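**Q** Show me how the following folds:
(3 chains)
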Amino acid sequence: MRLNVTVNGERRQADDVWEGESLLYVLRERLGLPGSKNACEQGECGSCTVYLDDVPACSCLVAAGQAEGREVRTVEGLAEGEALDPVQQSFVDAGAVQCGFCTPGLVVAAHDLLDRVPDPSDEEIREALAGNLCRCTGYEKILDAVRTAAGAR
Amino acid sequence: MRTFSYVRAPDVETALRTIATEPNAKFLGGGTNLVDLMRENIERPDVVVDISRLPLTGIDELPGGGVRIGALVRNSSLAAHPLVRTRYPVVSQAVLGGASAQLRNMATVGGNLLQRTRCLYFYDEASACNKREPGSGCSALGGFTRNHGVLGVSDHCIAAHPSDLCVALAALDAEVEVESTRGTRRIPLTEFHHLPGSTPHVETALAPDELVTSVELPAPVTTRSRYRKVRDRASYAFALVSVAAALEVRDDTVTAARLALGGVAPKPWRATEAERVLLGAPATEESFRSAAEAELASATSQDGNDFKIELARRTIVATLRDLLTDRSAA
Amino acid sequence: MSTAEDLPVLGAPVDRVDGPLKVTGQAPYPSDVDLPGQAHAALVQSTIAAGRITDLDTTEAEKAPGVLAVLTHHTVPRLPRGPMTSLGVSPPAPLQDDRIRHHGQHVALVVAESREQATAAARLVRVEYAPADPVLDFDDPRAVSVDDPWGLDSHRGDVDAGLASADVTVDAVYTTPDNTNNPLGLFSTLAAWEGERLTVYDATQWPAMVRETLAEVFGVPEVSVRVLSPFLGGGFGAGLRAWPHVILAVQAARDVGRPVKLVLTRPQMFTSVGHRPKGVQRVRLGATADATLVAIEHHSTSLLAVEDDDYEPFAAGSAVAYACPHVVTADRQVRANVPAPVSMRAPAHAQGNFALESAMDELACALDVDPLELRLRNHADVHPALGLPWSSNALRECYAVGAERFGWSRRPARPRSRRDGHWLVGQGMAGVSYPWYQAPSLARVTVTADGGATVASSGMDIGTGTYTVLTQLCAHLLGLPLEQVRSDLGDSDLPEAPQAGGSGLTSALGSAVADACERLLGALLELVRDDPESPLHGSDPEDVVAAGGGLRRRGDPGRGETYAAILARHGRPQLGADGASTPAQPTELGMALAGAFGAHFAEVRVDEDLGLVRVSRVTTVIDGGRILNEKTARSQVIGGVIGGIGMAVFEDTITDPTTGRIANATFGDYLVPVHADVPDLDVTFVGEPDRASALGVKGVGEVGLVGVAAAIANAVHHATGVRVRSLPITLDALL
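**A** Just a heads-up that it's a prediction; the model follows:
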């Protein structure tokens, strides 16, 4: 099938999409956007988190057809040119990145949290990001990063 | 994942017509369960009917104080809705206790009703599973059973129902409205899910051509309600045991009690025995314990999930105690 | 000649240099790399744990859309097993015969035009088996065991006499389950042949080893193999071997004459790239009434695959943890039809320390002495086996600082004496003596015409911060700003470095970089010393420092010139130097080589009704020698502590007792800590640069994890009075 989807503000089209492909697959394999990561493909790690119509979702569990005509924003679409988004910058500053594989999904999830809750409590941060697994950082610096980003926004 | 054809339903009527004519079709709501199961080759529909754009997304107040929830309301919207939060805190808490923010943003109410078990043998094609492959046996028996049920299970299936929302709905006497080309009918939530018996593959009362369109909650007997989920992690884990409870107490006597259990049974488990013991009993720890004992009296366990029986008892007592003592729960 | 002394670069909490790439999704992990014309592969894995394949029908799969090839033991040529590496044998070559040795063993590989097509077709491969009854656990009488697999069993004094002389003894058995490394990045191999030249993008912690392995297995010269792993989505040990799937991807690329990419699925990550093996340990301790240890006996048995090896001496660390006259440690492995284990962050020590430090807590209780006091009284002031002074050891300081920061002195002695509502609150601690580990390393440092410098090494950054600390180190030694130094890593064509593992890479590779910098400065100095046009003409090496982007006269920074100027005048586009480091030898130095030391203090809350265990805070103090970057090192330790919390209360890889299948091979069922589980963490570094390391570095990649499980188990005992000797500590044990 043909898929039309707006990605990071740009109208994109993919042809010959198999119905069983996920939005994550389409982004990575067809649209040249490997920023969103596949770490489980079972909706259990959050590494593939993207905005789907302004709401973060696990793109690995979104069937390609579900994305037809919708707006998608990925980690590649957060920075304004060379300028990192405050969430991205605070992840760098706080040392919230290690291997970095979970980072794109976390950045999107944290970005959304701060859009909805500009000044979240620690408990809100912990709960909001509970769906984003990280095996390196121990999360502590990610909490710091989100606190800092909240202040910066 | 097998090849299938994908149809986007523009309206309810088309959705119902499609499902009525296609012998092996599935509705796709949020996709959080179905897409996963299709990738694991557990669900193998020939046709997927995407209903996610149907206008079943309302949350409306009903005359008499109840509320009607569209089947395609997202979990996150449901949990955040003021009517739900004020009148049915247990529902809001149950939803927020489930899955992750990303999944709640996609998962729908209708999908939650049809969420399939997390049994580790159901999910493995090579294991025997009467639910997946009727008559093939049950590899869970004699296997790793820490997450399996202790109430309502059978020799054919000991899988536990995974939903949090359904536990709250079961406690609150919810009704499910379903529609097909043959018409509309309503099914009490407590009758919507089936116990496995000798046919664990028959999981619900829903006919293959029926679509869940909404869930109705009657006016709450009390807004003092709570969902307690006991899980290994502090967040983002399936329940070992969960309790949905609503409790009304007058003059230290229980005047109304609604209780349901999750994580312990193949369906959201309405704890009618416990409710019977509680009604009219003094609102004390002893009564709560008696109620819990009564409910778990019929429990049976495997080696790996024996702890759930006592854990369920204790969680019932703890939840009721919290409701009794914590005024903020009101 | 020396380098500038007080540059703020080294040791500073510099931001990770690869941070911007990673937060924008631009860092190319192996699974992100694509090559023109590539095909995709998917694995078919065994659904029995032991037996033989009787029939393997690929007809349907071959007819499926897009399928290019199906590799089976009928099609794959006989391949030799990979070489012996410095970490042990290579895994057996895949698809060599019809035998099944574990559930999840690869039995076929389907290659197709797209990943989805390969996955779909993989389900069409029909495999018939003649199953045998698998050996799945220690207690199977058929299981073959291996005693003292590494010759590390140790005997000191007379442990029976020691125990007989003790006033108080402890004798307890501790069990730890299989844990799975589970880096977030799915392991992935992209292999491309051009004639006899092979290029492989692989999720490995050790590109040089993969190159050597592939050269040997496929019979091509090492120089014609290039292995790239510039970014890796974590490894925790899983990337320390050239696993069978890597061999298969390379074989498939050769078969179809196109690049082939194979990305494992999450469930396959549980069976294909190792795990921390389960074990049973018995510890006997004896002490006199004044809390002096007189005997330590530590026996371990761990599970091993049937035709593979794994380095996992659980008990060995107990021989050097405390001053004690009578010691026996002995390790044994039992072979079973399970997937091959592998080092997982702090192999052997994670498990062994849990047993020893739990037993020490039990001993403290039996002696009625504070657990910290017991450790201090038996502190190993010198290396207990060698009798030599340590090259560095700030364990006492770890204890003192940790106790102070944690508030240990306010801890009530009696278990079950603090509560907060329905939560029982308890505190426990554990000490850690992590072993020294080092391997030889090479590195190259080059200054270029733009005046900047490049570090080059095959060593890689698994997320620890190698890019950043090498950049810092080079900038520091060459007197350059950070922005003018770049590190190129994870490419086997670059000078060979050891694995990113064993907490040894920073010291080994850092020392090689330091050596290269020194040689480079020497070469530069030679250029200018004999050059009448240079302001440094005729300078004595002692009078020249590297600063301000070039060479400067000591005490007269105005007199000097930049590297760019030097290279330009001499018409050179660049000037490089190779450096090397070799591990120190304890006997030559007259001291015992010390690894990192540490102390953990943990507080837990246990729900009295429901048995729920929540770790509420952890104070960790680490002696890691010199810390090159406070920010990345701290992150390493924090990550280690959370890994330890996972081990203590969540992580448990379940093998089905009948089939040998890993039953919970998903992130939904194998629980690792999530954000909501993170307690208040306090990490402090103490100690001095290590005397045996050129840089004074000891490595902190693993020490943060070790000891956490024991500290938590001890805290659970303090909270509840219940001693849990089996991990993970879940509510079932506390109801």
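
**Q** My guess is C:Gly317 contacts C:Gln351. True?
**A** No: at 9.8 Å, C:Gly317 does not count as touching C:Gln351 under the criterion of Cβ atoms under 8 Å. Any C-beta I mention is one placed from the backbone N, CA and C, and that applies to glycine too.

**Q** Of the two, which one has the most company?
**A** Applying other Cβ atoms under 10 Å in any protein chain shown to C:Gly317 and C:Gln351 shows that C:Gln351 carries more neighbours, namely 33 against 25.

**Q** so what's that one up against?
**A** C:Thr176, C:Arg276, C:Gly279, C:Gln281, C:Ser300, C:Ser302, C:Glu312, C:Phe314 (Cβ atoms under 8 Å, 6 or more residues apart in numbering or on different chains).

**Q** what's the domain layout of chain B?
**A** If you go by automatic domain parsing, the domain ranges for chain B are B:5-50, B:225-329.

**Q** what do you get for chain A?
**A** Annotated domains of chain A cover A:3-77, A:86-152 [automatic domain parsing].

**Q** Distance to chain C and mean neighbour count for those domains - can I get that in CSV?
**A** Putting the domains of chain A into CSV (distance: least, Cβ to the nearest Cβ, whole Å; neighbours: other Cβ atoms under 10 Å in any protein chain shown) gives the following:
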stretch, distance to chain C, mean neighbour count
domain A:3-77, 2, 22
domain A:86-152, 3, 24
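
**Q** what residues does chain C put near chain B?
**A** Contact residues, chain C versus chain B (Cβ under 8 Å from any Cβ of the partner chain): C:47, C:116, C:119-120, C:123, C:422, C:609-612, C:614, C:649-650, C:654, C:656-659, C:661, C:663-664, C:666, C:668-669, C:671, C:673-677, C:730-732, C:735.

**Q** ok, back up a step: among the contacts of C:Gln351, who's most crowded?
**A** If you count neighbours using other Cβ under 10 Å, the busiest of these is C:Phe314, which has 32 neighbours.

**Q** for the helix or strand harbouring C:Ala253, packing partners?
**A** Under DSSP states H and E, the secondary-structure element containing C:Ala253 is helix C:244-256. Judged by 3 or more Cβ pairs under 8 Å, 6 or more residues apart in numbering or on different chains; DSSP states H and E, helix C:244-256 is in contact with strand C:39-45, strand C:67-71, strand C:106-112, strand C:188-194, strand C:197-202, helix C:207-218, strand C:260-263, helix C:266-272.

**Q** Show the contacting residues for the residue lying closest to C:Glu362 once chain neighbours are set aside.
**A** Excluding its sequence neighbours, the residue lying closest to C:Glu362 (Cβ to Cβ, 6 or more residues apart in numbering or on different chains) is C:Val170, at 4.6 Å. By Cβ under 8 Å, 6+ apart, C:Val170 lies in contact with C:Val283, C:Arg284, C:Leu285, C:Ala359, C:Glu362, C:Leu363, C:Ala366.

**Q** would the first one count as being in a strand?
**A** Yes: if the criterion is DSSP: H, G, I helix; E, B strand; the rest coil, then C:Val283 is within a strand.

**Q** I'd like the distance between the residue nearest to B:Glu125 when sequence neighbours are not counted and B:Lys267.
**A** Using Cβ to Cβ, 6+ apart and skipping residues adjacent in sequence, the residue nearest B:Glu125 is B:Asn41, 5.8 Å away. For B:Asn41, the distance to B:Lys267 (Cβ to Cβ, to the nearest Å) stands at 25 Å.

**Q** The two: which has the busier surroundings?
**A** The residue with more neighbours, out of B:Asn41 and B:Lys267, is B:Lys267; 26 against 14, by other Cβ under 10 Å.

**Q** got TSV for the domains of chain A, with distance to B:Leu37 and mean pLDDT too?
**A** Below are those laid out as TSV (distance: least, Cβ to Cβ, whole Å; pLDDT from 0 to 100):
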stretch	distance to B:Leu37	mean pLDDT
domain A:3-77	10	97
domain A:86-152	19	97
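
**Q** could those go into JSON lines alongside distance to C:Asp160?
**A** Putting these into JSON lines (distance: least, Cβ to Cβ, whole Å) gives the following:
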{"stretch": "domain A:3-77", "distance to C:Asp160": "51"}
{"stretch": "domain A:86-152", "distance to C:Asp160": "43"}
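
**Q** right, so of these, which gets closest to C:Leu79?
**A** When the domains of chain A are compared by Cβ to Cβ, domain A:3-77 sits nearest C:Leu79, at 29.2 Å.

**Q** so how far does that closest one reach from one end to the other?
**A** End-to-end span of domain A:3-77 (Cα to Cα, to the nearest Å): 20 Å.

**Q** of all the residues in chain B, which ones are close to chain A?
**A** Contact residues, chain B versus chain A (Cβ under 8 Å from any Cβ): B:1-6, B:8, B:28, B:31-32, B:35-36, B:38-40, B:48, B:50, B:52, B:74, B:76, B:99-103, B:105-106, B:234-236.

**Q** buried subset of those?
**A** Among these, the ones that count as buried by 16 or more other Cβ atoms under 10 Å in any protein chain shown are B:1, B:4, B:6, B:8, B:28, B:31-32, B:35-36, B:38-40, B:48, B:50, B:52, B:74, B:76, B:99-103, B:105-106, B:234-236.

**Q** I'd say C:Ala516 and C:Ala453 touch.
**A** No: using Cβ under 8 Å, C:Ala516 makes no contact with C:Ala453, being 10.0 Å away.

**Q** so what's in contact with those two at the same time?
**A** Contact criterion Cβ under 8 Å, 6+ apart; residues bridging C:Ala516 and C:Ala453 by contacting each: C:Val445.

**Q** coming back round to it: pLDDT averaged over the one helix or strand the residue nearest to C:Glu362 maps to - what is it?
**A** If you go by DSSP H and E, C:Val170 is part of strand C:168-176. Mean pLDDT, strand C:168-176: 98.

**Q** try stretch C:562-569
**A** 97.

**Q** ok, residues contacting it?
**A** C:447-453, C:478, C:480, C:524, C:527-528, C:531, C:533-534, C:548-551, C:573-575.

**Q** swap the cut-off to 6 Å and go again
**A** Stretch C:562-569 is touched from outside by C:Val447, C:Ala449, C:Gly451, C:Leu527, C:Gly549, C:Gly550, with contacts defined as Cβ atoms under 6 Å, 6 or more residues apart in numbering or on different chains.

**Q** Mind checking which of those residues are in helices?
**A** C:Leu527 (DSSP state H).

**Q** Among the contacts of stretch C:562-569, name the buried ones.
**A** For the contacts of stretch C:562-569, buried by 16+ other Cβ under 10 Å: C:Val447, C:Gly451, C:Leu527, C:Gly549, C:Gly550.

**Q** how far away is the last one from chain A?
**A** Right, the one you point to is C:Gly550. Using Cβ to the nearest Cβ, to the nearest Å, C:Gly550 is found at 29 Å from chain A.

**Q** Please apply the same query to the second one.
**A** As for C:Gly451, its distance to chain A is 23 Å (criterion: Cβ to the nearest Cβ).

**Q** mind listing what that residue touches?
**A** Here C:Gly451 is in contact with C:Gly549, C:Thr562, C:Tyr563, C:Ala564 (Cβ under 6 Å, 6+ apart).

**Q** if we take those, which one ends up nearest to chain B?
**A** Chain B lies nearest to C:Gly549 out of those, by Cβ to the nearest Cβ, at 47.3 Å.

**Q** show me the contacts for that closest one.
**A** C:Gly549 touches C:Gly451, C:Leu480, C:Thr562, counting by Cβ under 6 Å, 6+ apart.
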